[in-house]
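> when you get a sec, could you give me coordinates for this:
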Amino acid sequence: MILDLVNLLSGTVTITVESGFPERVLNLCSAHDIPFWDMKWRSPTSFTVSLSRRHYLRLRRLVKKLDCAITVEKKEGVPFFVRRFRRRYVLLAGLALAACLVLFGSFFVWDFRIEGNVNVTDEEILRALEKEGVTYGTFGLGIHPETLKNHILMEVPELSWLTVNVNGFRATVIVRERVEPPPLRDEHTNANVVAARDGLVTLVQLYGGHAEVMKGSTVTEGQLLISGVADIDDRGVYFTRGEGKVYARTWYDLTARAPKTVVEKSFTGREKRVYTLILGKQRIKITPNSSISYADYDKIIRKQKFRLPGGRTLPVTLECATAREYGRTERVIDAEKARARLTPVLQRRLGDLLGGGSVMDDSVTVTEEDGAFCVTLHAECEEQIGRTVEFAG
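Purely as a prediction, here's the structure:
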């Protein structure tokens with residue numbers, strides 16, 4: 001990367017060398033310490049190389065004694081770019097001013113990147129930073145990560161660690177979220193474990209109390225699975241906390257209805273693009289008459305950040321909002337369309353009911369009822385059906 005920057009500042013030239021004895025040119029470069037790169041042979045008597053502007057001028061002087069021809073294919077870099085403006089003083093002054101502004105602006109933060117957060121949102125972290133005076137346009141050298149960490153960890157208790165690394169325009173906020181300790185097991189409150197729904201028991205994991213069912217038992221909703229009451233022969237009973245997990249095969253029949261006639265979007269082909277230039281927090285509308293007159297439309301927003309050749313982000317973003325107009329049309333669907341529409345909905349509902357359970361087998365049936373399609377998902381699952389119920393002993 002540093003070498004690319006040096007070549008960009010000093011200028012590079014790509015040339016084609018044509019000679020009856022091309023090895024003499026290569027030997028000449030070696031003898032006079034002229035570095036080159038990206039060498040490609042075009043024919044037995046010609047090749048293409050890239051070298052710096054300074055070494056290119058030196059090579060032209062040296063090969064005058066050889067029988068060869070040098071053709072310039074491409075010139076790149078700052079010297080050749082600036083040379084175009086050598087008689088255009090206003091443009092050259094504007095270019096120098098822009099370079100000074102970029103250099104001056106690099107001391108301020110115009111872009112934030114947040115890493116390491118899962119449950120805490122970016123907005124919460126940025127809001128806490130703003131309360132401490134760190135926002136768009138903040139002087140980068142004035143940011144003190146240790147002080148920020150102490151204040152923000154008190155502001156956002158879900159975080160356990162934070163630091164801010166400033167690199168040019170960008171401030172990278174690295175956080176670590178607090179890991180909550182697992183809840184302590186309650187061993188003092190008496191409890192039973194009962195069935196949350198009907199099922200066929202496949203596994204019993206007993207942590208406390210007495211198991212009332214075993215593998216292969218058929219249970220119904222509310223039935224006692226693990227008891228917190230133990231019988232001590234003829235000396236009576238004692239109470240404890242029944243704890244454990246009971247896994248069982250369960251069956252679900254979930255149904256959803258879909259009318260035979262549905263209203264769908266139909267795009268008219270009309271669309272409007274609104275461009276906005278974002279400078280830090282300031283938004284500047286570029287498109288005149290940016291209001292959207294469509295009654296119904298979908299809006300798609302794309303953002304493009306401006307970057308320097310080295311990959312550094314500038315505090316300038318071009319936003320393009322595309323509004324696509326659509327109408328509403330009625331369409332008659334068949335049973336297969338109803339199945340395709342509602343099956344994912346039923347599967348998501350089943351996933352919510354199961355929690356951490358798994359689906360062993362499923363099938364979908366479609367029937368007609370009262371002018372609508374009834375889509376039913378039949379599923380055989382395995383899940384944990386034990387539910388703890390406390391009682392006073």
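> the helices in the stretch 251-393 of the chain, which residues?
Remark: helices assigned in the stretch 251-393 of the chain by DSSP state H, counting those that start in this stretch are 335-354.
> for it, which residues score under the pLDDT cut-off?
Scanning the stretch 251-393 of the chain for pLDDT under 70 picks out 280, 308-314, 393.
> can you give me the strands for it?
Using DSSP state E, counting those that start in this stretch, the strands assigned to the stretch 251-393 of the chain run over residues 261-279, 282-285, 297-307, 313-332, 358-369, 372-384, 386-390.
> and of these, who's closest to residue 15?
strand 297-307 (29.8 Å; Cβ to Cβ). To be clear about C-beta, it is placed using only N, CA and C from the backbone, and glycine gets the same treatment.
> which is the next helix or strand following the helix or strand harbouring residue 130?
Element membership for residue 130, per DSSP states H and E: helix 122-131. Downstream of helix 122-131, the first helix or strand assigned by DSSP H and E is helix 145-155.
> and the helix or strand following that following helix with helix 122-131, angle?
Helices and strands here follow DSSP H and E; after helix 145-155, the next one along the chain is strand 159-167. Angle of strand 159-167 versus helix 122-131, following axes from the mean of the first three to the mean of the last three Cα atoms, to 10 degrees, is 70 degrees.
> tilt between strand 159-167 and strand 313-332?
Using the same axes, to 10 degrees: strand 159-167 against strand 313-332 is 120 degrees.
> quick one: mean pLDDT for strand 159-167?
Per-residue pLDDT over strand 159-167 has a mean of 88.
> report the angle between the helix or strand following that strand and strand 313-332.
Following strand 159-167 in sequence order, the next helix or strand is strand 170-177 (DSSP H and E). Comparing the axes of strand 170-177 and strand 313-332 via the same axes, to 10 degrees yields an angle of 70 degrees.
> for strand 170-177, which strands pair with it and how are they oriented?
Using DSSP bridges, the strands paired with strand 170-177 are strand 111-115 (parallel), strand 159-167 (antiparallel).
> nearest to residue 80, out of these?
strand 159-167 (29.3 Å).
> next, the angle from the closest one to helix 145-155.
140 degrees.
> quick one: residues in contact with strand 159-167.
For strand 159-167, contacts defined as Cβ atoms under 8 Å, 6 or more residues apart in numbering pick out 109, 120, 125, 129, 134, 140-141, 143, 145, 148-149, 152-153, 171-179.
> filter these to the buried ones?
Those of the contacts of strand 159-167 that meet the buried threshold are 109, 120, 125, 129, 134, 140, 143, 148-149, 152-153, 171, 173, 175, by 16 or more other Cβ atoms under 10 Å.
> map the structural domains onto the sequence of this protein.
2-82, 111-177, 191-249, 262-332 (automatic domain parsing).
> quick one: which of those domains is nearest residue 379?
Using Cβ to Cβ, the domains of the chain put domain 191-249 closest to residue 379, at 10.9 Å.
> that closest one: end-to-end distance?
Domain 191-249 has an end-to-end distance of 24 Å (Cα to Cα, to the nearest Å).
> just give me how far that domain sits from the chain centre.
45 Å (Cα atoms, centre = their mean, to the nearest Å).
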